[in-house]
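>>> Prediction below, plus the sequence it came from.
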Amino acid sequence: MPNKFWQFRNAADGSGELLLYGNIAGEKSWYSDDVTPKQFAEDLAALGAVSNITVRINSGGGDVFAAVEIGNLLEQHTANVTARIGGVCASAATIIACHCNKVIAANDSTYMVHPVSMYCGYANAADLQKYLEALATIKENIISLYAKKTGHTKEEVTAWMDAEKWWTGPQAKENGFADELADEGQRTVYENRNGVLFANSINMGLPFNKAPRFVQDSLAGSSAGQPANTKPAGQPGHIKEVQDMEIKTVDDLRKAYPALVDQIEQVAVAAATEAATNAERARIQSIEDMALPGSEKLAAEAKFTKTMSAAEFAEAMVKNAKTQGATYLAQVQKDAQDSGVNGVTNTPPTDKTEGDAFIAAIKGVAPKN
């Protein structure tokens, strides 16, 4: 399956965490994918009987169908689900947040709603009309969700979407999208990397010049189109760039680049899992290649119930063959003993009369007196 855009973690207190950093659903549409939604549902179920789930969001959005499905799965879960926005919650990511029982936004986080868009490719007039109808349906569903979450009218919500509204954490709370504000400890780090907006080292998939004014202003002084890796003179102290952070430990690295560390861990786990899977396949194949007729039971045990390496299987098979050979010889000796064949000899008769009688019997002639 494609690389996961999510990560589940079990906490020591019996609760669970879901990390949603970056683009939702990646490059492949959730709508046409049968594998990814199933895998997400299985990972959610694997958390077990947790009473609380924290959904940590730093995402510029993505596939609306993926967001709706994820949101519904979380809403239907028996746990109390809390969304915590630490960086950016934009576009489709807001759908997931609105399905959670509570939304807590960092004071300097960013929230964005905008109209629904769709890639049409090559299409004729009839196709375009169908796309328009689909967009209208999807938008209506999102409007209803936003109105339910915020308590505002559908008309107000529609106006916000059409205007592509960008809000700070406090503004998101004021408009009903966030329930609480919290200082997450680590302030949101906005960067202009070659003209692209990054928040806490996560690519938001948005040109920096399209970012809200308060985000651009926070990095005023950085060269247009260049990464903002130094803090401009006079910039507020809470806009802390990565270069200013002293990294000495793994924890420091995680704080500076949380998403990057998570991605590295996911890659490492995936690589280890793949290596273990390939090694297991090779072990089973080697056992199957070495198995001889009559050793089927031993081979099955070696592969599944009494797992052993190929070398251990080869040694076990030799011992088994030796045991079977000894058992066979013992059985042959026993059968010979039981049949009486061991009492038969080739000693010729010593009595000539008996010998003549025996020969005459064979020829059918009686002996003379």
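Great, that's in hand. Residues are numbered from 1 along each chain as shown.
>>> The helix or strand hosting Ala299 packs against which elements?
Element membership for Ala299, per DSSP states H and E: helix 296-300. Under the contact definition 3 or more CB pairs under 8 Å, 6 or more residues apart in numbering; DSSP states H and E, helix 296-300 sits against helix 310-339. (Glycine included, C-beta is placed from N, CA and C.)
>>> how many neighbours does Glu156 have?
Look at Glu156: counted by other CB atoms under 10 Å, it has 16 neighbours.
>>> In which helix or strand does it reside?
Here Glu156 sits within helix 154-162, counting by DSSP H and E.
>>> May I see the buried residues of that helix?
Using 16 or more other CB atoms under 10 Å as the test for burial, helix 154-162 gives 156-158, 160-161.
>>> Please apply the same query to stretch 279-293.
Using 16+ other CB under 10 Å as the test for burial, stretch 279-293 gives 283-284, 286-287, 291.
>>> any idea of the mean pLDDT in it?
In this model, stretch 279-293 carries a mean pLDDT of 77.
>>> quick one: low-confidence parts of the stretch 1-150 of the chain?
In the predicted model of the stretch 1-150 of the chain, residues 1-3, 26-28 satisfy pLDDT under 70.
>>> rerun that using 90 as the cut-off
Along the stretch 1-150 of the chain, the parts satisfying pLDDT under 90 run over 1-5, 10-14, 22, 25-37, 48-49, 86-87, 108, 117-131.
>>> do the stretch 151-300 of the chain as well
Where the stretch 151-300 of the chain drops to pLDDT under 90, the residues are 182-300.
>>> Which parts of this protein are strands?
Ranges of strands within the chain are 7-10, 16-21, 52-59, 80-90, 102-106, 110-113, 165-168, 180-182, 190-193, 196-199, 202-207, based on DSSP state E.
>>> For Ala66, list the residues it contacts.
Counting by CB atoms under 8 Å, 6 or more residues apart in numbering, Ala66 touches 24-25, 30, 36-37, 92.
>>> What separation do you get for it and Leu132?
Per CB to CB, to the nearest Å, Ala66 is found 22 Å from Leu132.
>>> With Asp43 instead?
With distances taken as CB to CB, Asp43 is found 35 Å from Leu132.
>>> Next: Gln39.
For Gln39, the distance to Leu132 (CB to CB) stands at 32 Å.
>>> for Ala172, same thing?
For Ala172, the distance to Leu132 equals 30 Å [CB to CB].
>>> surely Gly86 meets Asn58?
Yes: checked against CB atoms under 8 Å, the pair Gly86 and Asn58 is within contact range at 5.6 Å.
>>> hang on, the earlier thing: from the buried residues of stretch 279-293, which land in helices?
Among the buried residues of stretch 279-293, the residues falling in helices (DSSP state H) are 283-284, 286-287.
>>> Would you mind giving the residues you listed as JSON lines with distance to Ser51 added?
Below are these laid out as JSON lines (distance: CB to CB, whole Å):
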{"residue": "Arg283", "distance to Ser51": "41"}
{"residue": "Ile284", "distance to Ser51": "41"}
{"residue": "Ser286", "distance to Ser51": "46"}
{"residue": "Ile287", "distance to Ser51": "45"}
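>>> and which of these is nearest to His152?
Taking CB to CB as the measure, His152 lies nearest Ile284 of these, at 59.9 Å.
>>> What sits closest to that closest one if chain neighbours are left out?
Spatially, and ignoring its direct neighbours in sequence, Ile284 is nearest to Lys303 (5.2 Å; CB to CB, 6 or more residues apart in numbering).
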